[in-house]
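K.L.:
Please work out how this folds:
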Amino acid sequence: MGNQTPIMEFILLGFGSVRELQPLLFLVFLVIYVVTVMGNILIVALVVTDQHLHTPMYFFLGNLSSLDLFFTSVTVPKMLQNLLSGDKSISFAGCMAQSYFYFFLGTVEFFLLTSMSYDRYVAVCSPLHYPILLSSHVCAQMMMTCWLGGLLSILFPTIMISRLSYCRSNVIDHFFCDSGPLLELSCTDTHLVELIDFMLSSLVILGSLTLTMISYVFIISTILRIPTNTGWNKAFSTCASHLTLVLMSCSISIFMYVTPSQKSTLEMHKIPAVLSSIVNPLLNPFIYTLRNNIVKKVLRETFSHSKALVFRSVGGLFLICAAPCRKRSVA
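P.N.:
From the prediction side, this is the model:
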């Protein structure tokens, strides 16, 4: 043990078992990443610039899109580099940083989804008090609490993982530095770290799911008392997108991380991790834009305005270019 050489880098195997498909995987993941980035940037831009979307619901939606943009950028660019270049190495510090930001941003997202369930609860169950209970000051405080909670809850486990001794191998059978594969490579006793990981994962994921389900019990009971079908449809339409996101995120994360030992299920983690870090951030903007009439209306107005502006610019450019020709013909 005294003659161990400290590991300076790890090797991310990624999807090495399907080597002949790696060019195709690179193309598919690149397209998904570009669409994800563009979709989430579009949502953020709409929320920031359009006055109709300056409400608590869209404030949280804009923050969710920002989180998805950062979250997918933690893992996908490095994975694309590995698929394209064949160089699968990542430095020790880079690996720990990737692991920290992956779980930090994921934790903030769960806290944010819980905050959004409270927003939906107030909007449906106490609509008259909505401007007071969810003022801009309260929304900013809730968002700061989400970021601070994610920052502090993940910092200590990451420090513990970074201080473990790694002597068995430096090969990680994953496309990013997940905590489970890192614990598998350690030659130190990892039972305490696994216990802390399990407790934190259970608290964050199951706590978020429980609070969300409690809020929806009250929401559904209130909706059932609405006398008209129009009121039903409006209430359900404002909640369906959020509930879809919560169920998707929680079901995947429960399978991956709410287990007493992550080592026993490492072989099955890649596909859920792809869904969590690549597919979910892609679907989130579309789930909201396709199910939300206000966002669709703002999108149509924005594109119509942009189209008219482009046509006016092209028309003006054409007139400028055509002016010298008319002068010469008159002469």
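
K.L.:
Tell me how many other residues surround residue 107.
P.N.:
Applying other Cβ atoms under 10 Å, we find 25 residues neighbouring residue 107. For glycine as for every other residue, the C-beta is placed from the backbone atoms N, C-alpha and C.

K.L.:
Where does the spatially most central residue of the chain fall, secondary structure wise?
P.N.:
For the chain, the residue nearest the mean C-alpha position is residue 68 (2.7 Å; Cα atoms, centre = their mean). Taking DSSP states H and E as the definition, residue 68 sits inside helix 56-85.

K.L.:
Name the residues of that helix that are buried.
P.N.:
Across helix 56-85, burial judged by 16 or more other Cβ atoms under 10 Å covers 56-76, 78-80, 82-83.

K.L.:
ok so, going back, show me the contacts for the residue nearest to the centre of the chain.
P.N.:
36, 40, 109, 280, 281, 284, 285 (Cβ atoms under 8 Å, 6 or more residues apart in numbering).

K.L.:
what do you get if the cut-off is 6 Å, keeping everything else the same?
P.N.:
40, 281, 284 (Cβ atoms under 6 Å, 6 or more residues apart in numbering).

K.L.:
What of residue 59?
P.N.:
residue 139.

K.L.:
Quick check: it vs residue 82, distance?
P.N.:
36 Å (Cβ to Cβ, to the nearest Å).

K.L.:
Ok, residue 14 next?
P.N.:
5 Å.

K.L.:
Regarding residue 11, which helix or strand does it belong to?
P.N.:
When elements are assigned from DSSP H and E, residue 11 belongs to strand 9-12.

K.L.:
mind listing what's buried in that strand?
P.N.:
10, 11, 12.

K.L.:
burial of residue 297, as a residue count?
P.N.:
So residue 297, with other Cβ under 10 Å, has 12 neighbours.

K.L.:
Residue 164 too?
P.N.:
Neighbours around residue 164, by other Cβ under 10 Å: 16.

K.L.:
That one touches residue 188, doesn't it?
P.N.:
Yes: between residue 164 and residue 188 a contact is recorded at 4.7 Å, counting by Cβ atoms under 6 Å.

K.L.:
What segments of the stretch 1-150 of the chain are helices?
P.N.:
22-49, 56-85, 92-125, 130-133, 136-162 (DSSP state H, counting those that start in this stretch).

K.L.:
Run through who's touching the shortest one.
P.N.:
Helix 130-133 is contacted by residues 122, 123 when judged by Cβ under 6 Å, 6+ apart.

K.L.:
For the helices of the stretch 1-150 of the chain, give me TSV that also has distance to residue 194 and mean pLDDT.
P.N.:
TSV is the format used below for the helices of the stretch 1-150 of the chain (distance: least, Cβ to Cβ, whole Å; pLDDT from 0 to 100):
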stretch	distance to residue 194	mean pLDDT
helix 22-49	30	90
helix 56-85	22	91
helix 92-125	14	92
helix 130-133	40	89
helix 136-162	10	92
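
K.L.:
Make TSV out of the ones you listed and add distance to residue 177.
P.N.:
Listed next are the helices of the stretch 1-150 of the chain as TSV, based on distance: least, Cβ to Cβ, whole Å:
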stretch	distance to residue 177
helix 22-49	17
helix 56-85	9
helix 92-125	4
helix 130-133	40
helix 136-162	9
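
K.L.:
wait, which of the ones you listed is closest to residue 273?
P.N.:
Residue 273 lies closest to helix 56-85 among those, at 8.1 Å (Cβ to Cβ).

K.L.:
still on that earlier bit, buried subset of the contacts of residue 68 as a PyMOL selection?
P.N.:
In PyMOL syntax, the buried subset of the contacts of residue 68 is picked out as below (16+ other Cβ under 10 Å):
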select buried, resi 40+281+284
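
K.L.:
So which bits of stretch 215-226 are buried?
P.N.:
215, 216, 219, 223.

K.L.:
scratch that, stretch 126-140
P.N.:
Result for stretch 126-140 [16+ other Cβ under 10 Å]: buried residues 130, 134, 139.

K.L.:
Let me know the closest of those residues to residue 48.
P.N.:
Using Cβ to Cβ, the buried residues of stretch 126-140 come closest to residue 48 at residue 139, 14.4 Å.

K.L.:
from what I can see residue 165 touches residue 187, true?
P.N.:
Yes: the pair residue 165 and residue 187 passes the contact test of Cβ under 6 Å, sitting 5.4 Å apart.

K.L.:
And what about residue 221, helix, strand or coil?
P.N.:
helix (DSSP: H, G, I helix; E, B strand; the rest coil).

K.L.:
What distance do you get for it to residue 121?
P.N.:
Taken as Cβ to Cβ, the span from residue 221 to residue 121 is 11 Å.

K.L.:
same check, this time on residue 219
P.N.:
Taking Cβ to Cβ, one finds residue 219 at 6 Å from residue 121.

K.L.:
what residues are up against residue 172?
P.N.:
10, 12, 181.

K.L.:
so what's residue 154 up against?
P.N.:
103, 104, 107.

K.L.:
Just send those residues back as a markdown table, with distance to residue 200 too.
P.N.:
Formatted as a markdown table, those follow (distance: Cβ to Cβ, whole Å):
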| residue | distance to residue 200 |
| --- | --- |
| 103 | 9 |
| 104 | 12 |
| 107 | 8 |
